[in-house]
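Take a look and give me a structure for this.
(one chain, ligands or ions: 1)
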Amino acid sequence: MHYFEYRGGELHCEQVPLQRIADEVGTPAYIYSEQTLQRHVRVFDEAFQGVPHLICYAVKANSNINILRRFAEWGTGFDIVSGGELFRVLRAGGSPEKVIFSGVGKTADEIRYALDSGILFFNVESGAELDLIQDIARQAKKRVRVSIRANPDVDAKTHPYISTGKQQNKFGVSLPEARALYRSLRQSSNLDVIGVSCHIGSQITEMGPFEEALESIRNFVLELKSEGLGLKYLDFGGGLGIPYNAEEPPSPATYGAAVACKTKDLGLTIILEPGRVIAGNAGILLTRVLLKKNQGDKKFVVVDAAMNDLIRPALYGSHHQLWSIRPQSQKETADVVGPVCESADFIARDREVPMLQAGDLLAVMSAGAYGFSLSSNYNSRPRAAEVLVSGESYRLIRHRETYEDLVRLEE
Ligand code: LLP
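Numbering: from 1, shown residues only. Prediction:
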């Protein structure tokens with residue numbers, strides 16, 4: 001569900017025609033719908049009404065500070081994976097006591113920063129990290145709250161690059177090792193072990209993997225509780241998929257009901273770390289056709305957005321729908337490619353696309369999550385502008401980078 005639609009024969013974001021934004025801001029530009037973001041937060045939250053819960057939006061999906069500020073106003077917490085993300089959250093007015101810190105390789109500086117900021121807890125992903133956190137807390141003469149990220153060895157049935165809950169993935173701690181860590185921590189003087197965490201992957205489009213992980217984590221929690229461990233939180237991570245094209249992922253309500261069913265008798269606060277399901281369909285990448293060319297039978301539509309702006313097609317072979325700015329019945333099969341010097345620089349391959357001409361605008365749909373946040377300056381291309389639409393108006397929430405920005409730190 002999103003608020004990008006044709007009105008009077010022209011594609012709008014909420015009440016604003018995309019043509020207007022392109023004319024005033026230029027292309028390529030990321031355009032986000034505030035109403036869509038807010039609706040997604042509300043629907044996701046409502047799915048967990050039956051259980052005590054905290055939604056910690058996964059900052060990596062879209063970390064623009066203006067968007068984080070909205071989330072903070074709407075009361076969400078934040079799942080961070082770096083000191084930089086913590087900085088953004090605090091700058092955006094997020095409450096540190098609603099921040100959890102995940103990630104397999106936290107540095108000592110990052111741990112100190114998070115400890116000083118008073119975050120809710122660390123999701124610990126190894127014995128070595130636990131030792132480091134303990135040392136830092138001891139030096140700082142502080143108590144530190146931790147949860148161990150258990151790896152339940154479950155196949156998330158998603159792209160291998162974004163599957164995180166199998167034994168062969170670098171994430172979390174296997175259940176036997178986690179069990180030993182929890183037992184060893186009972187004597188710790190400066191650690192409060194308050195939770196169990198788990199995140200099995202991203203863009204998960206069926207309930208099976210979630211059910212399997214829930215069952216495994218539930219049994220693990222019951223075991224720890226029977227040993228007298230005073231847990232407060234069960235963090236079930238993120239990962240709920242979205243429809244990019246023909247996928248039919250479970251609804252937040254179905255997902256929420258399954259989580260509630262397996263956890264409501266445990267007496268714990270449930271933490272969720274959704275990213276994509278909140279931001280993915282709330283944003284598009286608007287690009288302009290530079291030219292068309294043919295190579296033998298092959299047709300190319302060269303646009304001004306490239307893999308440095310949106311790397312998902314190159315990295316995961318992902319599908320993003322392409323909508324013309326005015327409904328277009330004439331179609332052709334072509335590759336839609338950017339100007340970057342790599343054959344991996346494509347937005348779509350062998351796709352039936354609307355018949356376009358140089359100068360036409362094209363909306364790359366479902367680009368609100370892992371779009372701008374994964375963008376780079378490759379080929380010394382200034383990064384795209386970002387725009388947030390709200391009703392009849394819009395705001396530039398990140399300026400288009402300039403050539404000066406490209407060299408600023410090099411002089
Ligand atoms: N929590 C943790 C610990 C994570 O690692 C992630 C995503 C999330 C939550 C949020 O997952 P989500 O609800 O968004 O599925 N760049 C890839 C996605 C990478 C996901 C990384 N971790 C893509 O563009 O598909």
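
Mind listing the residues bridging to Ala348?
Val336 (DSSP bridges).

That one: neighbour count?
Residues contacting Ala348 under the criterion other Cβ atoms under 10 Å number 20. All C-beta atoms are positioned from the backbone trio N, CA, C, and that covers glycine.

which non-adjacent residue is nearest the spatially most central residue of the chain?
In the chain, the residue lying closest to the centroid (Cα atoms, centre = their mean) is Ala61, at 2.5 Å. Excluding the flanking residues, the one nearest Ala61 by Cβ to Cβ, 6 or more residues apart in numbering is Gly275, at 3.1 Å.

What about the one you found, how many residues nearby?
For Gly275, using other Cβ under 10 Å, the count is 24.

tell me the contacts of it?
Going by Cβ atoms under 8 Å, 6 or more residues apart in numbering, Gly275 touches 57-62, 79, 202, 238, 369-370.

which ones among those residues come in contact with the ligand?
Counting by Cβ under 6 Å from any ligand atom, 58, 61, 79, 202, 238, 369-370 from the contacts of Gly275 sit close to the ligand.

Taking these together, which two end up most distant?
Asp79 and Tyr370 (14.2 Å; Cβ to Cβ).

ok, the two, which is more surrounded?
More crowded of Asp79 and Tyr370, by other Cβ under 10 Å: Asp79, with 31 against 25.

rewinding a little: isn't the residue nearest to the centre of the chain right up against Gly371?
No. In this structure, Ala61 is not within contact of Gly371 by Cβ atoms under 8 Å, at 9.1 Å.

give me the beta-bridge partners of the closest residue to Glu10 other than its chain neighbours?
Closest residue to Glu10 apart from its sequence neighbours, by Cβ to Cβ, 6+ apart: Pro17 at 5.1 Å. Here Pro17 sits in beta bridges with His12, going by DSSP bridges.

Which pLDDT does the model give Pro17?
Looking at Pro17, its pLDDT stands at 98.

how far away is it from the ligand?
From Pro17 over to the ligand the distance is 28 Å, taken as Cβ to the nearest ligand atom, to the nearest Å.

likewise Ile270?
Distance of Ile270 to the ligand, given as Cβ to the nearest ligand atom: 14 Å.

contacting residues around that residue?
Residues in contact with Ile270 (Cβ under 8 Å, 6+ apart) are 48, 51-54, 233-236, 259-260, 263.

Is the strand ranked longest in the chain in proximity to the ligand?
If you go by DSSP state E, the chain has its longest strand at strand 283-295. No. Using Cβ under 6 Å from any ligand atom, strand 283-295 never reaches the ligand; the gap is at least 12.5 Å.

what's downstream of the top helix by length along the chain, the next helix or strand?
Counting by DSSP state H, the longest helix found in the chain is helix 207-226. Sequence-wise, the next helix or strand downstream of helix 207-226 (DSSP states H and E) is strand 233-235.

touching the ligand at all, that following strand?
No. With Cβ under 6 Å from any ligand atom as the measure, strand 233-235 is seen stopping short of the ligand, the closest distance being 8.6 Å.

Could you list every helix and strand in contact with that strand?
The contact analysis (3 or more Cβ pairs under 8 Å, 6 or more residues apart in numbering; DSSP states H and E) places strand 233-235 against strand 144-151, strand 191-197, strand 269-272.
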